[in-house]
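K.L.:
how would this look folded up:
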Amino acid sequence: MEDVMEMAYALDTFYLLLSGALVMWMAAGFTMLEAGMVRAKNTTEILTKNVGLYSIAVIMYMLIGWNIMYESDGGILGFLPTIQFLLPATEPVTAEMARAGEADFSYFSDFFFQVVFVATAMSIVSGAVAERMKLWSFFIFAVVLTGFIYPIQGMWSWGGGFLDELGYADFAGSGIVHMAGAAAALAGVIVLGARKGKYGPGGQVRAIPGANMPLAALGTLILWLGWFGFNGGSELSVSSADAANAVATVFMNTNLAAAGGVVAALILARALFGKADLTMALNGAIAGLVSITAGPDTPSPLLAATIGGVGGVLVVFSIVALDKLRIDDPVGAISAHGTAGIWGILAVLLSNEDATVTGQLAGIAAIFGFVFLSSLLVWTILRFTMGIRASEEDEQRGLDVGECGMEAYPDFTTGRSK
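P.N.:
Purely as a prediction, here's the structure:
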């Protein structure tokens with residue numbers, strides 16, 4: 001019996017690590033999607049920003065965020081690193097503890113799985129503020145979001161806080177991760193303003209095409225793949241028949257919701273614009289994935305596809321509506337993660353008998369309100385201290401040169417040859 005428990009511990013730990021690696025790969029998806037959806041002159045800055053934000057998230061969550069979000073784990077002064085992070089790496093769970101059933105998986109594997117979710121929330125912000133924000137102002141905001149803002153609201157539900165007590169149900173983070181990231185992004189876009197030339201007089205909206213649609217499509221497919229770790233890993237276990245069946249259900253529903261989102265967005269785009277808009281299809285996939293994330297474990301396959309399809313419809317209308325409001329989001333991140341995130345939280349009520357209207361509405365209000373207002377404060381402070389908007393000259397010639405001193409495609413943008 002002890003050997004069986006130790007094997008179950010090893011299997012669950014490995015599954016959590018593998019799922020975390022899949023979610024980490026979503027950083028590549030966000031990077032490629034964003035790089036494809038912006039103009040060539042801003043590509044290097046986008047790549048630098050995404051690699052940097054992931055690294056900042058990992059360090060800040062280790063230093064501060066983990067112990068805010070899971071305060072029961074202690075730490076110096078209640079929020080600085082726990083002893084496990086301060087000493088040389090040791091075995092955080094002994095074989096004896098595993099055999100006795102005193103641990104489900106490694107402390108370190110749990111941290112690794114959680115930290116990639118933090119980075120995902122920050123990646124959402126990156127796409128919305130693309131092509132006109134100062135790089136180092138963005139990095140400073142990343143420090144605050146990943147070290148403080150995200151962990152505080154995450155503690156309210158996943159850390160056993162008041163939203164958990166109210167019955168707020170969010171299996172893998174439609175609200176805790178995606179809506180939170182979108183709320184921070186919306187605050188940033190409001191303070192930052194639109195890209196030069198995006199909006200004309202009389203409510204005119206000018207399209208600014210991305211430079212690389214194959215890259216954007218690749219990024220979306222990488223995200224689709226990584227989402228199996230995002231949602232499937234949130235089951236936390238695969239070492240029993242029930243757990244394995246639950247993981248299979250989550251995988252199936254996640255896949256169906258994404259497909260539903262693509263098909264619905266394509267059909268609606270054809271009806272509205274007369275064309276099969278690839279960017280809407282890509283955002284439809286992400287919206288479908290975000291929509292199912294709050295509850296991928298309970299719907300039937302047909303309901304999962306329907307939930308994703310509604311997300312795909314909502315994201316198209318949301319992108320159009322935000323443009324009419326002159327809220328400039330180059331990749332559609334606010335709509336795909338925010339609008340679809342809200343829908344996903346409410347969609348839990350369709351299949352989860354334990355979820356309540358009160359709990360879900362409380363989660364939406366508390367998470368969105370806190371993240372938006374705290375982010376708005378930070379963005380405003382940054383604006384009036386070091387500034388957040390790139391100079392008009394840098395925006396015109398591209399942030400690659402102004403912020404990074406190099407171009408992603410020098411042969412194409414300047415005519416130079418090797």
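K.L.:
who touches stretch 186-199?
P.N.:
125, 128-129, 131-133, 141, 205-206, 208, 326-330, 334, 338, 371-373, 375-376, 379-380, 383, 388-389, 392, 395-396 (Cβ atoms under 8 Å, 6 or more residues apart in numbering). Where you see a C-beta, it was placed from the backbone N, CA and C, and this is true even at glycine.
K.L.:
What residues sit buried inside that stretch?
P.N.:
Using 16 or more other Cβ atoms under 10 Å as the test for burial, stretch 186-199 gives 186-189, 191-192, 194-195, 198-199.
K.L.:
Longest helix of this structure, counting residues only.
P.N.:
Counting residues, the longest helix found in the chain (DSSP state H) is helix 2-37.
K.L.:
For whichever helix or strand comes after it, which helices and strands make contact with it?
P.N.:
Using DSSP states H and E, the helix or strand that directly follows helix 2-37 along the chain is helix 43-60. Packed against helix 43-60 by the contact rule (3 or more Cβ pairs under 8 Å, 6 or more residues apart in numbering; DSSP states H and E) you find helix 2-37, helix 107-128, helix 135-144.
K.L.:
do you know which of these lies nearest Thr220?
P.N.:
helix 2-37 (5.7 Å; Cβ to Cβ).
K.L.:
Quick one: mean pLDDT over that closest one.
P.N.:
Helix 2-37 shows a mean pLDDT of 91.
K.L.:
and that helix with helix 43-60, angle?
P.N.:
If you take axes from the mean of the first three to the mean of the last three Cα atoms, to 10 degrees, helix 2-37 sits at 150 degrees to helix 43-60.
K.L.:
which other helices and strands contact helix 2-37?
P.N.:
Judged by 3+ Cβ pairs under 8 Å, 6+ apart, the packing partners of helix 2-37 are helix 43-60, helix 95-99, helix 107-128, helix 213-232.
K.L.:
That one: how far from the chain's middle?
P.N.:
Chain-centre distance of helix 2-37: 15 Å, with Cα atoms, centre = their mean, to the nearest Å.
K.L.:
Which positions within it qualify as buried?
P.N.:
Quick answer for helix 2-37 (16+ other Cβ under 10 Å): 5-6, 8-9, 11-13, 15-17, 19-20, 22-24, 26-37.
K.L.:
Does Ala281 touch Ala269 like I think?
P.N.:
Yes - using Cβ atoms under 8 Å, Ala281 makes contact with Ala269 at a distance of 7.2 Å.
K.L.:
and for the two, which residues touch both?
P.N.:
Contacts common to Ala281 and Ala269, judged by Cβ under 8 Å, 6+ apart, are absent.
K.L.:
Okay, strands next: where are they in the stretch 301-418 of the chain?
P.N.:
In the stretch 301-418 of the chain, no strands are defined using DSSP state E, counting those that start in this stretch.
K.L.:
in it, which segments are predicted with low confidence?
P.N.:
412-418 (pLDDT under 70).
K.L.:
Do a quick rundown of the helices in it.
P.N.:
301-324, 333, 340-347, 357-385, 392-397, 399, 410-413 (DSSP state H, counting those that start in this stretch).
K.L.:
what's the offset of the longest one from the middle of its chain?
P.N.:
The chain centroid and the centroid of helix 357-385 are separated by 16 Å under Cα atoms, centre = their mean.
K.L.:
Check the first one too.
P.N.:
Going by Cα atoms, centre = their mean, the spacing between the C-alpha centre of helix 301-324 and its chain's C-alpha centre is 17 Å.
K.L.:
Show me what secondary structure element comes after it.
P.N.:
helix 333.
K.L.:
List the contacts of that following helix.
P.N.:
In contact with helix 333 (Cβ under 8 Å, 6+ apart) are residues 124-128, 181-182, 185.
K.L.:
Next: stretch 315-327.
P.N.:
Against stretch 315-327 from outside (Cβ under 8 Å, 6+ apart): 186, 189-190, 194, 199, 203, 205, 261, 265, 268-269, 272, 280, 283-284, 286-287, 329, 332, 334-336, 338-340.
K.L.:
The same query, at a cut-off of 7 Å, please.
P.N.:
The contact list for stretch 315-327 (Cβ atoms under 7 Å, 6 or more residues apart in numbering) reads 189, 194, 199, 203, 205, 265, 268-269, 280, 283-284, 287, 329, 332, 334-336, 339-340.
K.L.:
Mind listing what's buried along it?
P.N.:
Those buried within stretch 315-327 under the rule 16+ other Cβ under 10 Å are 315-316, 318-319, 322-323, 327.
K.L.:
circling back to that earlier point, relative orientation of the longest helix of the chain and helix 213-232 in degrees?
P.N.:
Helix 2-37 runs at 150 degrees relative to helix 213-232, counting by the same axes, to 10 degrees.
K.L.:
With distance to Trp158 as added columns, please give the helices of the stretch 301-418 of the chain in CSV.
P.N.:
Formatted as CSV, the helices of the stretch 301-418 of the chain follow (distance: least, Cβ to Cβ, whole Å):
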stretch, distance to Trp158
helix 301-324, 22
helix 333, 22
helix 340-347, 14
helix 357-385, 11
helix 392-397, 39
helix 399, 35
helix 410-413, 44
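K.L.:
Right, I'll call it a day here.
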